[in-house]
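Peer 1: When you get a sec, could you give me coordinates for this:
(chains A and B)
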Amino acid sequence: MNIKKYLKIYSIFSYTSLASELEYKTNVIIDFVTAILSLVGSIFLLTIFFQNTDNIGGWRFEQALIIQGIYTILNGITNTWFNPNLTEIVKHIREGTLDFVLLKPIDSQFFISLKKIAPSGFLEIILGFALLFYCIGINQININIEFLLLSLSTLLCSIVILYSLWFLISTTTIWFVKTWNATEVLRSFLYIGRFPLNSFSFSLRIFFSIFVPIAFITTIPSEVFLGTAQIWEILLELIVSGIFFIVSRRFWLFALKYYTSASS
Amino acid sequence: MFNLNKNKLITLLKVQYSNMLEYRVEIALWAISGIIPFFMLNIWTNNNLNESINLSNVMLSRYFLSAFFVRQFSVVWVVFTFEEDALLGKISPYLIQPLNPFFRYFAQHIAEQITRLPFAMIIALIFFILNPESTWIPSLGIFLLSCVSTFFSFLIQFLIQSIIACMCFWTEKASSIERLLFIPTLFLSGLLAPVVSFPEYIKSWIYITPFPYLIDFPANLLSGNNTNVMSGFAMQLLWIAALFPIFTKIWSLGTKKYTAMGS
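Peer 2: Predicted structure coming up:
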């Protein structure tokens, strides 16, 4: 693995895909407006929930905003990196162009996961961080090195889990060819990440911690941010993200053995 | 511009239905991806949020189940198909045919809804097994009326999206406009929270917009919650009547503007 080479390739990837995305400038602007409206909408929904109650699943409104902030950041990352790249896998497999990717002298997972970049998610990432900064103010959170380190590392873990989930589902395309809609199912499940896990009934909580690890994606990082997370939760988050990443990598290599190219 | 007769309509539907049956697994996945209303129901009842809007748990669960159904049968994606067809130049052969291409898309949607029906029924059945107390059978009249209002909701969304799709003639990529419009549809239509629960400052103007008539009105009708049937239908028809001439206008302007690929 030559890190320098990969960094250089990545910068070329970003340059070319940004250039082609910016062909459609109005599109990018409309996507920015969509990002703002989407955040406004989610906060509006939260205010409806909090109209006549002061907590949902033990989270006050100011605390629930943290989850919203983290969700927005992750959604921005999904829109910028995961969504444009991983929907391409389907196309590669259907049209047989995955051959060209596999023949290139770089790692195929690297190529497939990072080839494209869509600027439309940038604003969401910025908005999410802005909301988090606002939450630091209203929740009177003390900022110190330990807090920053823990928050950033759990956030990084959620990004890894999220990526692995997307990549795992996209990989199944090798067998089923058209799984574009499976990512849509994932998307609708991830929607739940906007709300604290404790606000759901017990059975759904189990479902969202084991089968679709939404608990690890937004709730634990938010708890770390609030300073209410237990040490075992943080460790578990680290372990789960590690497992997810390794499994997704292994699964890709395994699936490639079954790749038969188009029309062969 | 609309020379459609019974034969053409039946042939179109037959072709599209067999086409959709090919993709039944895909459609099943689409049906599953529409279960957000059930998660929302879980938040509402689990935190007793419905006490403040005077809706019992049972009525609220019926509402969200109906919302799920209405959404299943009013999902529209014409802009995405049209955009692809326009970008790839597939529109040209369609334009030569003596039939407006939107009838083809319309038939696609209807065929997809028929394919979707069994999957939606299965999801509803699972819901009733998990929540036996919320089982109900609406009277035939109410059921037919809510089918009509769901179809009107579908028509409103189909017209809006077709208008957006026609913008492809000018901008090539129109789906971002649809994604923008999807946000108010998501939050204001009643899919995530019934419109009665909205604060007063929203309720004062929302009933003039088309949004509550997309999901909230048909779902209330079907689930037996309070709703004004007459004004609901009147507003749906009004929006259809308002959007239809806009669509025909933008379509005739757009086709004049259209330059086929490679010309």
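Peer 1: could you pull out the helices for the chain?
Peer 2: Looking at chain A here, since you left the chain open. For chain A, the helices defined by DSSP state H cover A:3-21, A:25-49, A:61-77, A:83-95, A:98-103, A:108-114, A:122-138, A:145-171, A:173-176, A:180-190, A:202-210, A:214, A:220-226, A:231-256.
Peer 1: Correction: the question concerned chain B.
Peer 2: Under DSSP H, chain B gives helices at B:6-22, B:24-32, B:36-46, B:57-72, B:78-88, B:91-96, B:101-130, B:140-166, B:168-171, B:175-188, B:200-206, B:216-223, B:229-257.
Peer 1: Please list the residues of the stretch 51-200 of chain B that sit near chain A.
Peer 2: Applying CB under 8 Å from any CB of the partner chain, we find that the stretch 51-200 of chain B lies next to chain A at B:51-52, B:171-173, B:176-177, B:179-180, B:183-184, B:186-187, B:192-193, B:197-199. Every C-beta, even on glycine, is put in place using the N, C-alpha and C of the backbone.
Peer 1: can I get the helices of chain B in JSON lines with mean neighbour count and mean pLDDT?
Peer 2: Putting the helices of chain B into JSON lines (neighbours: other CB atoms under 10 Å in any protein chain shown; pLDDT from 0 to 100) gives the following:
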{"stretch": "helix B:6-22", "mean neighbour count": "14", "mean pLDDT": "85"}
{"stretch": "helix B:24-32", "mean neighbour count": "18", "mean pLDDT": "84"}
{"stretch": "helix B:36-46", "mean neighbour count": "21", "mean pLDDT": "92"}
{"stretch": "helix B:57-72", "mean neighbour count": "24", "mean pLDDT": "94"}
{"stretch": "helix B:78-88", "mean neighbour count": "18", "mean pLDDT": "87"}
{"stretch": "helix B:91-96", "mean neighbour count": "14", "mean pLDDT": "85"}
{"stretch": "helix B:101-130", "mean neighbour count": "17", "mean pLDDT": "92"}
{"stretch": "helix B:140-166", "mean neighbour count": "20", "mean pLDDT": "95"}
{"stretch": "helix B:168-171", "mean neighbour count": "17", "mean pLDDT": "84"}
{"stretch": "helix B:175-188", "mean neighbour count": "20", "mean pLDDT": "91"}
{"stretch": "helix B:200-206", "mean neighbour count": "11", "mean pLDDT": "92"}
{"stretch": "helix B:216-223", "mean neighbour count": "28", "mean pLDDT": "95"}
{"stretch": "helix B:229-257", "mean neighbour count": "15", "mean pLDDT": "94"}
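Peer 1: Which of the ones you listed sits closest to residue A:208?
Peer 2: Proximity to residue A:208 (CB to CB) singles out helix B:36-46 among the helices of chain B, at 9.2 Å.
Peer 1: Show me what that closest one is packed against.
Peer 2: When contacts are defined as 3 or more CB pairs under 8 Å, 6 or more residues apart in numbering or on different chains; DSSP states H and E, helix B:36-46 sits against helix B:57-72.
Peer 1: Report the angle between the helix it packs on and helix B:101-130.
Peer 2: Counting by axes from the mean of the first three to the mean of the last three CA atoms, to 10 degrees, helix B:57-72 lies at 150 degrees to helix B:101-130.
Peer 1: May I have helix B:57-72 exported as CSV, CA atoms only?
Peer 2: Output of helix B:57-72 as CSV, limited to C-alpha atoms (Å, rounded to 0.1, in the frame of the first residue of the first chain):
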residue,chain,number,x,y,z
ASN,B,57,-53.6,5.2,20.7
VAL,B,58,-55.9,3.1,18.6
MET,B,59,-57.1,6.0,16.5
LEU,B,60,-53.5,7.2,16.0
SER,B,61,-52.3,3.8,15.0
ARG,B,62,-55.2,3.6,12.4
TYR,B,63,-54.2,7.0,11.2
PHE,B,64,-50.5,6.0,10.6
LEU,B,65,-51.5,2.8,9.0
SER,B,66,-53.8,4.7,6.6
ALA,B,67,-51.0,7.2,6.0
PHE,B,68,-48.8,4.2,5.1
PHE,B,69,-51.4,3.0,2.6
VAL,B,70,-52.1,6.4,1.1
ARG,B,71,-48.3,6.9,0.6
GLN,B,72,-47.9,3.5,-1.0
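Peer 1: next one: it to chain centre, how far?
Peer 2: Here helix B:57-72 is found 15 Å from its chain centre; the criterion is CA atoms, centre = their mean, to the nearest Å.
Peer 1: can you check stretch A:112-122 too?
Peer 2: Using CA atoms, centre = their mean, the offset of stretch A:112-122 from its chain centre is 12 Å.
Peer 1: Can you check the pLDDT for the residue most central in space within chain B?
Peer 2: Geometric centre of chain B, nearest residue: residue B:74, 2.2 Å, by CA atoms, centre = their mean. The per-residue pLDDT reported for residue B:74 equals 93.
Peer 1: Would you check that it makes contact with residue B:157?
Peer 2: Yes - using CB atoms under 8 Å, residue B:74 makes contact with residue B:157 at a distance of 5.9 Å.
Peer 1: shared neighbours, these two?
Peer 2: Shared contacts of residue B:74 and residue B:157, defined by CB atoms under 8 Å, 6 or more residues apart in numbering or on different chains, are found at residue B:214.
Peer 1: okay, now residue A:6: neighbour count?
Peer 2: 14 (other CB atoms under 10 Å in any protein chain shown).
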